[in-house]
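Trainee: Quick one: sequence and predicted model below, then my questions.
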Amino acid sequence: MSEIKLVGVTRRFADDVAVDHVDLDIADGEFMILVGPSGSGKSTVLRMIAGLEDVSDGQVLIDGKDVTGSAPRDRNLAMVFQSYALYPHLTVRGNMEFPLKLKKMPRKEIDERVSRAAASLELQDLLDRKPAQLSGGQRQRVAMGRAIVREPSAFLLDEPLSNLDAQLRVQTRAELGELQERLKTTTVYVTHDQTEAMTLGDRVAVLRKGRLQQVGPPKELYLIPANVFVAGFIGSPGMNFFPATVDGTTVKLPMVEYELPARLADRSELLHGTHVVVGIRPEHFEDVGLVGRAERQAGVGFTAKVERLEWLGSELFVHFRVETSGDTGSETLREVVDELGASGVRGEHEMLTVARIDPASDIAEGDEAKFWLNTDRIHYFDADTGENLLQKADEIRAGDHLDADPSSTDDAGPAEPADPAEPAASVPPSVPPSVPPAVSPHG
């Protein structure tokens with residue numbers, strides 16, 4: 001196992017900066033997720049760690065040693081690609097033992113390592129099959145097995161589940177999590193899928209346009225987003241954004257006005273004289289008829305016309321119309337909405353808002369329905385910079401939740417962003433057999 005440290009890592013391509021001064025510490029044995037939309041630079045960061053991409057500026061350190069200029073073979077890292085990259089003419093056993101043969105390892109040790117890896121991945125009965133005879137999930141396990149037998153200092157996984165169908169992706173995701181728990185090997189995992197990020201990672205690093213936005217446990221990112229981008233990217237359906245006017249401790253939204261919760265009243269000056277956008281997650285609305293009297297006092301009610309319902313059995317998504325008085329002029333928010341539109345992020349200029357409410361609700365399409373809003377769970381952002389204006393207050397409110405279980409994602413719920421996957425590095429099966437495709441090019 002190894003500690004990995006990135007210090008001001010930058011990658012330039014002519015006039016384009018793909019990765020911009022990224023600083024990141026990955027602890028020994030940690031499962032670190034790099035997540036972001038297509039083009040955010042996450043795969044480029046992974047390839048620089050592996051030595052497959054030159055570093056324009058900055059340093060890559062492994063166990064305190066500067067390996068920025070070292071060849072991939074000298075870093076003792078194993079990389080698993082999106083495409084599996086298995087040799088079609090070799091059996092499962094042949095694929096798994098290939099990197100060990102390149103090292104001229106004794107036959108007995110090769111057999112022992114392959115047997116151990118095959119047992120841990122439940123591949124014992126498949127060792128004599130060719131890749132064409134395997135399912136997508138089995139091929140991915142073989143690619144992982146080929147990495148495991150090398151006993152590397154760290155695993156680097158570049159969108160390894162992207163080629164699997166939805167059901168198999170869920171199963172394989174669980175298997176990957178269990179495997180990392182058993183091996184306790186430092187793992188850096190790239191994905192555009194926030195479900196993978198929120199369920200697998202000890203910590204998650206969110207990237208946007210090559211810059212690191214926030215790093216923290218999954219629940220921390222959900223409860224204490226550093227800015228509009230993180231708030232919009234984490235959570236599904238996406239956060240609703242509205243223009244807000246703050247007068248003293250009174251907040252006016254397009255559909256309702258309310259008093260700041262007592263815990264925020266002494267911080268209201270942070271919202272004065274600032275162009276404010278509020279963010280409300282769909283799960284912080286409810287059918288007012290399903291909210292108890294005591295709880296109802298902690299929020300505010302309003303009426304809105306229901307345009308569309310999506311009933312999913314365990315939850316109900318209600319899309320309702322909120323009339324706004326015009327654009328807030330937030331260029332930052334407009335950019336975020338454009339980037340993450342496919343992920344379901346709602347902007348302040350859009351007409352429909354989405355709420356996730358109790359499926360026991362009898363709200364129907366076309367109703368002028370009464371909703372309840374939990375005003376204690378609203379986030380406040382600077383419309384010009386996108387920064388969370390009351391991040392410290394969010395930290396205080398979230399403290400008990402984070403102390404209880406830093407890695408829990410109960411509040412975040414499942415999510416499936418629809419952004420296309422960032423192209424991942426892959427080596428086709430036709431690569432000459434002198435180079436093992438699922439590991440660094442030099443073994």
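Mentor: In hand now; what should we look at?

Trainee: what's downstream of the biggest helix by length in the chain, the next helix or strand?
Mentor: Of all the segments of type helix in the chain, defined by DSSP state H, the longest one is helix 166-183. The C-terminal neighbour of helix 166-183 among helices and strands, as given by DSSP states H and E, is strand 186-191.

Trainee: Next secondary structure after that next one?
Mentor: Taking DSSP H and E as the definition, the helix or strand right after strand 186-191 is helix 194-200.

Trainee: Check which helices and strands that next one sits against.
Mentor: On a contact count with 3 or more CB pairs under 8 Å, 6 or more residues apart in numbering; DSSP states H and E, helix 194-200 meets strand 31-35, helix 166-183, strand 186-191, helix 218-223. For every residue, glycine as well, the C-beta is placed using N, CA and C.

Trainee: remind me which residues of the stretch 1-150 of the chain are low pLDDT?
Mentor: Counting by pLDDT under 70, the stretch 1-150 of the chain contains low-confidence residues at 1.

Trainee: Which parts of it are helices?
Mentor: If DSSP state H, counting those that start in this stretch is used as the criterion, the helices of the stretch 1-150 of the chain fall at 42-50, 92-102, 107-120, 136-148.

Trainee: how about the helices and strands packed on helix 194-200, which one is nearest Gly136?
Mentor: Gly136 lies closest, by CB to CB, to one member of the helices and strands packed on helix 194-200: helix 166-183, at 6.1 Å.

Trainee: buried ones in that closest one?
Mentor: In terms of neighbour count (16 or more other CB atoms under 10 Å), helix 166-183 has its buried residues at 168-170, 172-173, 175-176, 179-180.

Trainee: Return stretch 122-134 as PDB; C-alpha atoms alone will do.
Mentor: Listed next in PDB are the C-alpha coordinates belonging to stretch 122-134 (Å, rounded to 0.1, in the frame of the first residue of the first chain):
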ATOM      1  CA  GLU A 122     -14.800 -16.100  -7.700                       C
ATOM      2  CA  LEU A 123     -13.100 -16.900 -11.000                       C
ATOM      3  CA  GLN A 124     -11.900 -20.400 -10.100                       C
ATOM      4  CA  ASP A 125     -14.400 -22.100 -12.500                       C
ATOM      5  CA  LEU A 126     -13.600 -19.700 -15.300                       C
ATOM      6  CA  LEU A 127      -9.800 -20.000 -15.500                       C
ATOM      7  CA  ASP A 128      -9.800 -22.100 -18.700                       C
ATOM      8  CA  ARG A 129     -12.300 -19.900 -20.600                       C
ATOM      9  CA  LYS A 130     -11.500 -17.300 -23.200                       C
ATOM     10  CA  PRO A 131     -12.800 -13.700 -22.900                       C
ATOM     11  CA  ALA A 132     -15.400 -14.200 -25.600                       C
ATOM     12  CA  GLN A 133     -17.000 -16.800 -23.300                       C
ATOM     13  CA  LEU A 134     -17.400 -14.400 -20.400                       C
END
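
Trainee: Any chance you could list what contacts it?
Mentor: Judged by CB atoms under 8 Å, 6 or more residues apart in numbering, the contacts made with stretch 122-134 from elsewhere in the structure are 84, 86-93, 95-96, 114-115, 117-118, 138-139, 141-142, 145, 429.

Trainee: Now do the buried residues in that stretch.
Mentor: For stretch 122-134, the neighbour count (16+ other CB under 10 Å) marks 123, 126-127, 130-131, 134 as buried.

Trainee: same deal with stretch 149-157?
Mentor: Counting neighbours by 16+ other CB under 10 Å, the buried set in stretch 149-157 is 149-150, 152-157.

Trainee: count of neighbours near Ala360?
Mentor: Other residues near Ala360 come to 9 when the count uses other CB atoms under 10 Å.

Trainee: I meant Ala265, not that one.
Mentor: Here the neighbour count serves as a burial measure; for Ala265 (other CB under 10 Å) it reads 11.

Trainee: try the one 5 residues further on
Mentor: By the other CB under 10 Å criterion, the neighbourhood of Leu270 contains 17 residues.

Trainee: circling back to that earlier point, in JSON lines: the helices of the stretch 1-150 of the chain, plus distance to Phe242 and mean neighbour count.
Mentor: Formatted as JSON lines, the entries for the helices of the stretch 1-150 of the chain read as follows, by distance: least, CB to CB, whole Å; neighbours: other CB atoms under 10 Å:
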{"stretch": "helix 42-50", "distance to Phe242": "30", "mean neighbour count": "25"}
{"stretch": "helix 92-102", "distance to Phe242": "53", "mean neighbour count": "22"}
{"stretch": "helix 107-120", "distance to Phe242": "50", "mean neighbour count": "16"}
{"stretch": "helix 136-148", "distance to Phe242": "42", "mean neighbour count": "24"}
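
Trainee: first to last residue in stretch 117-128, what's the distance?
Mentor: Counting by CA to CA, to the nearest Å, the length from the leading to the trailing residue of stretch 117-128 is 15 Å.

Trainee: for it, the distance to its chain's centre please.
Mentor: 30 Å (CA atoms, centre = their mean, to the nearest Å).

Trainee: thinking again about what came up before, and the helices and strands packed on helix 194-200, which one averages the lowest pLDDT?
Mentor: Averaged per stretch, pLDDT over those is lowest on helix 166-183, reaching a mean of 81.

Trainee: Keeping just the C-alphas, turn stretch 386-396 into PDB.
Mentor: Extracted in PDB, the C-alpha atoms of stretch 386-396 (Å, rounded to 0.1, in the frame of the first residue of the first chain):
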ATOM      1  CA  GLY A 386     -20.900  30.600  -6.700                       C
ATOM      2  CA  GLU A 387     -19.500  30.200  -3.200                       C
ATOM      3  CA  ASN A 388     -21.500  28.900  -0.300                       C
ATOM      4  CA  LEU A 389     -22.100  32.000   1.800                       C
ATOM      5  CA  LEU A 390     -23.100  30.100   5.000                       C
ATOM      6  CA  GLN A 391     -20.700  27.200   4.700                       C
ATOM      7  CA  LYS A 392     -19.700  27.500   8.300                       C
ATOM      8  CA  ALA A 393     -23.300  27.300   9.400                       C
ATOM      9  CA  ASP A 394     -23.800  24.300   7.200                       C
ATOM     10  CA  GLU A 395     -20.900  22.600   8.900                       C
ATOM     11  CA  ILE A 396     -22.300  23.300  12.400                       C
END
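
Trainee: follow-up on the earlier one: what's the longest helix of the chain packed up against?
Mentor: Using 3+ CB pairs under 8 Å, 6+ apart as the contact criterion, the neighbours of helix 166-183 among helices and strands are helix 107-120, helix 136-148, helix 194-200.

Trainee: one step back: make JSON lines out of the helices and strands packed on helix 194-200 and add distance to Val300.
Mentor: Output for the helices and strands packed on helix 194-200, formatted as JSON lines (distance: least, CB to CB, whole Å):
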{"stretch": "strand 31-35", "distance to Val300": "33"}
{"stretch": "helix 166-183", "distance to Val300": "38"}
{"stretch": "strand 186-191", "distance to Val300": "37"}
{"stretch": "helix 218-223", "distance to Val300": "21"}
